[in-house]
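Participant: Sequence unavailable; structure follows:
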């Protein structure tokens, strides 16, 4: 309506009707603004939305045409422009595009005592596309947190796809399928490939967001170069200037949105990977055989969960950071060559030197990180053994000796940790200094080769490009350090998850109705050493325990009482015989 009245008053000479025009426009605005909030029927919502979309489009086209032709505009008309855009957003909001939709079946008449059982779900699970795109599904929680301190009951539950049970089931499915294919290639890391197979789609989406952010970050110096050149031209071309400004704003908006989605989805994916691996380690230690328990102590298993699996939460973010930081660095070098020419060639020398120096640093860092994890496992194993035997240590007054042992292991661990931190500090120092050195060398190369004039456009573009190069140059060494730690954790988790398990095939399970025997062992021979280099622990055992029968196992120390219980539980490898029990 506003655009239509502008056309009428500016083209047909109805200037004498200004008062009438303003009055009618005011009535129309008031009625249509009220229609946004008072909508009883769905067709009224659709009609108002169509009206406001066409009105905003007409006003935008008219104002853009006036600005391009007359090179001026009225402040009132431009002030009405954002009002039209806001009304369009309000119209779409009435359809639920920018707010999370209500859960079907929810009602104000529900009993108040059922809220503990029916816990509300996060808005992400039923959010629309626009709500996901703008993160407006968080508005309800943010407004609640603004009004009062959040309690645990106010935090919504996770969606089904974000829960640890669902993530673990997907991981196990991929793990089992890869375990069958492992006969052809036993050198692959099954944990890594299982994670890659399960979360391939999420990683592709994160890569697209990171790629858009990288392209926008590289294009921004070129837009600055074009804008500086446009401002220094004697001839003014408003269309060209508006196009440059529009592209610059669009690049920044796309960069900001893609950065937010990259960060959110990578952290969300990291939580899924972390919970899946934690559950996998927990389930594995329940099925771990006796030989496996010897190789992996309780402290080491805790370390797998608290350190190695927890570290996977940062893996997606740092993986894509390393990949696209290198791409951003390569594209920024291309921009420098395009703007400066041969003057950028000397700047490659310090960059290549820093890159080659990083290779030995990375190898040494990986070696030291592996040594640190081994020292940490050894300290945790010794500490757990000392704590379990604390009564004997106190009785024999051995506190000082074991204290010195723990302190020596701790000193060894601290030595490895200090070497790791020293190598990281050296790598960070080199990459922090490289932007300053590279910019100085490039400007000196421009002065020597005279490949480009040192005017405002060239200098601003070089500084903007080097500024875009500064972030990846700083992040690359840190990303390499984190990925080295992740690689070590992948290897440790893969070794643990592939270790020996209690074999359920060696035991027969019968139902209670078909057999009254609770436990039965016939000619059973068991040994802790599967290679049979040591004598059998239990030989030719025959035992029958009926259902609901109480049996006492008696004998001197070392007779095999505990070994018999382990044999029934399946924790001692069976050499021969049969074992059956009621399931």
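Facilitator: Cool, got the structure. None of these values were measured; they are calculated from a predicted model.

Participant: all contacts plus neighbour counts: C-alpha atoms, from now on.
Facilitator: Will do.

Participant: Please compute how far the host helix or strand of residue 407 lies from its chain's middle.
Facilitator: Following DSSP states H and E, one finds residue 407 within helix 399-449. Distance of helix 399-449 from the chain centroid (C-alpha atoms, centre = their mean, to the nearest Å) equals 26 Å.

Participant: Output the contacting helices and strands for that helix.
Facilitator: helix 345-388, helix 456-497 (3 or more C-alpha pairs under 8 Å, 6 or more residues apart in numbering; DSSP states H and E).

Participant: okay if I get those helices as CSV plus mean pLDDT and mean neighbour count?
Facilitator: Formatted as CSV, the helices and strands packed on helix 399-449 follow (pLDDT from 0 to 100; neighbours: other C-alpha atoms under 10 Å):
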stretch, mean pLDDT, mean neighbour count
helix 345-388, 77, 17
helix 456-497, 80, 20
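
Participant: List just the one of these that sits closest to residue 325.
Facilitator: Closest approach to residue 325 among the helices and strands packed on helix 399-449 (C-alpha to C-alpha): helix 456-497, 4.6 Å.

Participant: returning to what we had before: turn the helices and strands packed on helix 399-449 into JSON lines, columns for distance to residue 181.
Facilitator: Listed next are the helices and strands packed on helix 399-449 as JSON lines, based on distance: least, C-alpha to C-alpha, whole Å:
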{"stretch": "helix 345-388", "distance to residue 181": "28"}
{"stretch": "helix 456-497", "distance to residue 181": "15"}
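
Participant: out of these, which comes closest to residue 571?
Facilitator: helix 456-497 (17.0 Å).

Participant: Below-threshold pLDDT in the stretch 151-300 of the chain: ranges please.
Facilitator: In the predicted model of the stretch 151-300 of the chain, residues 183-186, 234, 236 satisfy pLDDT under 70.

Participant: In which helix or strand does residue 210 reside?
Facilitator: helix 200-232.

Participant: how distant is that helix from the center of its chain?
Facilitator: Per C-alpha atoms, centre = their mean, the centroid offset for helix 200-232 relative to its chain is 22 Å.

Participant: So residue 325 is in contact with residue 477, correct?
Facilitator: No. With contact defined as C-alpha atoms under 8 Å, residue 325 does not reach residue 477; the gap is 10.7 Å.

Participant: picking up where we left off before, the helices and strands packed on helix 399-449: which one's closest to residue 52?
Facilitator: The nearest among these, by C-alpha to C-alpha, is helix 456-497 at 40.4 Å.

Participant: Could you check the angle that closest one makes with helix 399-449?
Facilitator: Helix 456-497 runs at 150 degrees relative to helix 399-449, counting by axes from the mean of the first three to the mean of the last three C-alpha atoms, to 10 degrees.

Participant: and helix 456-497, what does it pack onto?
Facilitator: helix 190-198, helix 200-232, helix 238-287, helix 315-340, helix 345-388, helix 399-449.

Participant: Looking at those helices, spot the one closest to residue 304.
Facilitator: helix 238-287 (7.4 Å).

Participant: could the helices and strands packed on helix 456-497 go into JSON lines alongside distance to residue 501?
Facilitator: Below are these laid out as JSON lines (distance: least, C-alpha to C-alpha, whole Å):
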{"stretch": "helix 190-198", "distance to residue 501": "17"}
{"stretch": "helix 200-232", "distance to residue 501": "29"}
{"stretch": "helix 238-287", "distance to residue 501": "5"}
{"stretch": "helix 315-340", "distance to residue 501": "28"}
{"stretch": "helix 345-388", "distance to residue 501": "21"}
{"stretch": "helix 399-449", "distance to residue 501": "30"}
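
Participant: Tell me which of those helices sits nearest to residue 142.
Facilitator: Between the helices and strands packed on helix 456-497, helix 238-287 lies closest to residue 142; by C-alpha to C-alpha that is 16.4 Å.

Participant: Run the angle between the closest one and helix 190-198 for me.
Facilitator: 130 degrees.

Participant: Output the contacting helices and strands for helix 238-287.
Facilitator: By 3+ C-alpha pairs under 8 Å, 6+ apart, helix 238-287 packs against helix 164-181, helix 200-232, helix 310-311, helix 315-340, helix 456-497.

Participant: could you redo these as CSV and give each row distance to residue 442?
Facilitator: Below are the helices and strands packed on helix 238-287 laid out as CSV (distance: least, C-alpha to C-alpha, whole Å):
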stretch, distance to residue 442
helix 164-181, 50
helix 200-232, 16
helix 310-311, 39
helix 315-340, 8
helix 456-497, 8
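
Participant: What's the mean pLDDT across the helix holding residue 407?
Facilitator: The average of the pLDDT scores along helix 399-449 is 79.

Participant: tell me the angle it makes with helix 345-388.
Facilitator: 170 degrees.

Participant: just the angle between the helix holding residue 210 and helix 190-198, please?
Facilitator: Going by the same axes, to 10 degrees, helix 200-232 makes 70 degrees with helix 190-198.

Participant: just checking, what packs against helix 200-232?
Facilitator: So helix 200-232, by 3+ C-alpha pairs under 8 Å, 6+ apart, packs with helix 238-287, helix 315-340, helix 456-497.

Participant: Could you pull out the buried residues of that helix?
Facilitator: Using 16 or more other C-alpha atoms under 10 Å as the burial criterion, the residues of helix 200-232 that qualify are 202-203, 206-207, 209-228, 230.

Participant: got the angle for that helix vs helix 315-340?
Facilitator: 30 degrees.

Participant: Could you break the protein into its assigned domains?
Facilitator: Domain assignment for the chain by automatic domain parsing gives 2-94, 117-157, 175-497, 504-582.

Participant: out of the ones you listed, deepest packed?
Facilitator: Burial of these is given as mean neighbour count (mean count of other C-alpha atoms under 10 Å); domain 175-497 ranks first at a mean of 17.

Participant: For that domain, measure first residue to last.
Facilitator: Start and end residues of domain 175-497 are separated by 10 Å (C-alpha to C-alpha, to the nearest Å).

Participant: what's the closest non-adjacent residue to residue 326?
Facilitator: residue 472 (6.9 Å; C-alpha to C-alpha, 6 or more residues apart in numbering).
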